[in-house]
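Peer 1: no sequence on this one, just coordinates:
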């Protein structure tokens with residue numbers, strides 16, 4: 001399909017022109033490129049941590065942010081300083097303003113400008129520059145601004161139905177967009193989830209002559225068990241070695257698959273990356289993997305943010321991620337009653353998301369992040385009534401929703417806040433948490 005992500009002029013030429021103005025910073029970078037519907041953020045964070053543990057200076061570009069824009073651009077876990085954002089924007093300012101005067105519909109978008117900022121920051125002179133950059137796709141893949149790079153490895157995590165108004169109405173169409181990051185001869189590590197999505201990824205790999213390493217075939221999660229409120233423990237076997245007793249400090253068995261993807265990337269890089277000027281070829285071991293995981297944090301991914309009352313913050317915003325949250329709550333979170341605080345974007349599969357999570361809730365509070373795309377809590381209440389015949393408490397402001405949840409919570413209960421990154425970010429601000 002030739003979806004254009006809303007604007008008729010949406011293509012990669014515009015971001016390529018922007019980057020050319022900035023000196024083509026993408027050309028000198030060693031990149032791992034990560035796409036997918038679910039798990040791409042956690043997988044990108046794991047890959048970056050693994051590369052850091054291997055001794056490299058690593059840039060990480062993710063989206064969206066929770067509180068501050070600078071969270072999207074990090075080097076070895078440190079966010080880009082605000083003064084660097086201003087300096088780099090200054091280099092782009094005249095060009096962007098000129099493009100807007102020439103044709104506002106063909107001028108760089110917000111995400112394209114942010115992508116350029118990240119690539120410029122990562123490619124800067126030592127000590128600012130990086131040895132490796134891990135780039136998470138913003139949306140889709142084929143037409144995403146990050147798809148101007150030629151990576152050393154491409155990664156595709158679970159593919160599901162999301163952003164259907166932009167990416168297509170069928171799983172095959174969406175998989176085709178995600179598989180658009182696959183480049184000629186560049187190895188691919190994937191965990192696409194369904195047979196239909198896998199068929200698309202394999203077809204694209206054959207067309208591009210790209211070696212394909214599949215979780216479930218070439219990389220196997222041989223065992224996984226949840227550790228209540230702490231994370232998961234798993235064994236992973238690759239074609240090169242076996243990782244035993246890996247402890248991942250993130251809740252949800254799905255994190256074992258994300259970890260397997262990230263480990264597959266490290267195995268590929270250890271074989272094909274070759275020497276860097278300052279360090280030899282990538283050295284990698286089971287011990288290094290565990291050390292890296294010890295310091296892993298993915299904010300608002302089924303994250304325990306309080307123990308009294310037990311409060312879990314999550315950013316699930318599509319059916320696959322909400323299903324994973326529901327499964328994790330049932331399996332790894334002990335509670336007497338679940339008090340659910342929910343806010344969703346109006347352009348999501350609201351009915352599908354509600355069907356995954358509402359049956360678990362003993363108390364239901366509907367709210368909104370205030371983000372322009374957010375669904376009104378009253379509208380969500382009507383949906384809940386229509387689907388389940390039950391009333392929900394509607395609280396317009398996040399602060400009030402959290403206060404009400406805490407008022408309702410008794411000993412042994414769990415508060416779970418979920419539905420969007422924007423809601424999670426507002427909750428972090430309200431609770432005084434740092435991302």
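Peer 2: Noted; the coordinates are in hand. No experiment lies behind these values; they were computed from the predicted model shown.
Peer 1: quick one: secondary structure of residue 95?
Peer 2: Assigned by DSSP: H, G, I helix; E, B strand; the rest coil, the conformation of residue 95 is helix.
Peer 1: Please, where are all the helices along the stretch 251-400 of the chain?
Peer 2: Ranges of helices within the stretch 251-400 of the chain are 254-272, 286-294, 319-332, 350-357, 377-388, 398-408, based on DSSP state H, counting those that start in this stretch.
Peer 1: what does stretch 231-245 contact?
Peer 2: 213, 218-227, 246-253, 255-256, 259-260, 263-264, 267, 270-271, 285-286, 289-290, 332 (C-beta atoms under 8 Å, 6 or more residues apart in numbering). All C-beta atoms are positioned from the backbone trio N, CA, C, and that covers glycine.
Peer 1: hmm, 6 Å instead?
Peer 2: 218-226, 246-250, 253, 255-256, 260, 263, 267, 286, 289 (C-beta atoms under 6 Å, 6 or more residues apart in numbering).
Peer 1: Over to stretch 38-52?
Peer 2: 32, 34, 58, 60, 62, 76, 132, 134, 136, 157-158, 160, 258-259, 261-262, 265-266, 292, 296, 298, 301, 320-321.
Peer 1: make it 7 Å
Peer 2: 32, 34, 58, 60, 62, 76, 132, 134, 136-137, 155, 157-158, 160, 250, 254-255, 257-259, 261-262, 265-266, 289, 292, 295-296, 298, 301, 320-321, 324 (C-beta atoms under 7 Å, 6 or more residues apart in numbering).
Peer 1: Give me the buried subset of those residues.
Peer 2: 32, 34, 58, 60, 62, 132, 134, 136-137, 155, 157-158, 160, 250, 254-255, 257-259, 261-262, 265-266, 289, 292, 296, 298, 301, 320-321, 324 (16 or more other C-beta atoms under 10 Å).
Peer 1: Just the buried residues out of the contacts of stretch 231-245, in ChimeraX syntax.
Peer 2: Buried subset of the contacts of stretch 231-245, written as a ChimeraX selection, criterion 16+ other C-beta under 10 Å:
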select :218,219,220,221,224,226,246,248,249,250,253,255,256,260,263,267,289
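Peer 1: Surely residue 130 is in a strand?
Peer 2: No. Assessed with three-state DSSP, residue 130 is coil; it does not lie in a strand.
Peer 1: The residue nearest to it when sequence neighbours are not counted bridge partners, please.
Peer 2: Leaving aside its sequence neighbours, residue 130 sits nearest to residue 59 (C-beta to C-beta, 6 or more residues apart in numbering; 4.1 Å). Here residue 59 shows beta-bridge partners residue 75, residue 133, assigned using DSSP bridges.
Peer 1: Residue 59: how many residues sit nearby?
Peer 2: Here the number of neighbours of residue 59 (other C-beta atoms under 10 Å) works out to 29.
Peer 1: What of residue 184?
Peer 2: Residue 184 has 9 nearby residues by other C-beta under 10 Å.
Peer 1: Helix, strand, or coil at it?
Peer 2: Residue 184 is classified as coil under three-state DSSP.
Peer 1: Hmm, it is touching residue 209, no?
Peer 2: Yes. With contacts counted by C-beta atoms under 7 Å, residue 184 reaches residue 209, the gap being 6.3 Å.
Peer 1: OK, contacts around residue 144?
Peer 2: 137, 138.
Peer 1: Quick check: the gap between it and residue 212.
Peer 2: 21 Å (C-beta to C-beta, to the nearest Å).
Peer 1: what's next to stretch 310-327, contact-wise?
Peer 2: 37-38, 158, 160-162, 252, 254, 300-305, 333, 335, 345, 348-349, 352-353, 356-357, 360, 414-421, 424, 427.
Peer 1: Return the set of buried residues in it.
Peer 2: 310-326.
Peer 1: okay, and for the stretch 101-250 of the chain, where does confidence drop off?
Peer 2: 126-128, 161-169 (pLDDT under 70).
Peer 1: Tell me where it has helices.
Peer 2: With DSSP H, counting those that start in this stretch as the criterion, the stretch 101-250 of the chain has helices spanning 110-122, 164-167, 171-178, 195-208.
Peer 1: so how far is the third one off the chain centroid?
Peer 2: Per C-alpha atoms, centre = their mean, to the nearest Å, the displacement of helix 171-178 from the mean C-alpha position of its chain is 17 Å.
Peer 1: other SSEs contacting it?
Peer 2: helix 164-167, helix 195-208 (3 or more C-beta pairs under 7 Å, 6 or more residues apart in numbering; DSSP states H and E).
Peer 1: Just the angle for it relative to helix 195-208, thanks.
Peer 2: Computed by axes from the mean of the first three to the mean of the last three C-alpha atoms, to 10 degrees, the angle separating helix 171-178 from helix 195-208 equals 40 degrees.
Peer 1: buried sites along helix 171-178?
Peer 2: Those would be 171, 174, 175, 176, 177, 178, for helix 171-178 by 16+ other C-beta under 10 Å.
Peer 1: Pick out whichever of those residues sits closest to residue 395.
Peer 2: Closest approach to residue 395 among these (C-beta to C-beta): residue 174, at 33.8 Å.
Peer 1: surely that closest one meets residue 159?
Peer 2: Yes. The pair residue 174 and residue 159 passes the contact test of C-beta under 7 Å, sitting 6.2 Å apart.
Peer 1: Next one: residue 233 from residue 332, what distance?
Peer 2: From residue 233 to residue 332 the distance is 11 Å (C-beta to C-beta).
Peer 1: out of these two, which sits in the busier spot?
Peer 2: residue 332 (19 against 16).
Peer 1: Contacts only, for the residue nearest to the more buried one when sequence neighbours are not counted.
Peer 2: The shortest distance from residue 332 to any non-neighbouring residue, by C-beta to C-beta, 6+ apart, is to residue 226 (3.8 Å). With contacts defined as C-beta under 7 Å, 6+ apart, residue 226 is in contact with 232, 253, 331, 332.
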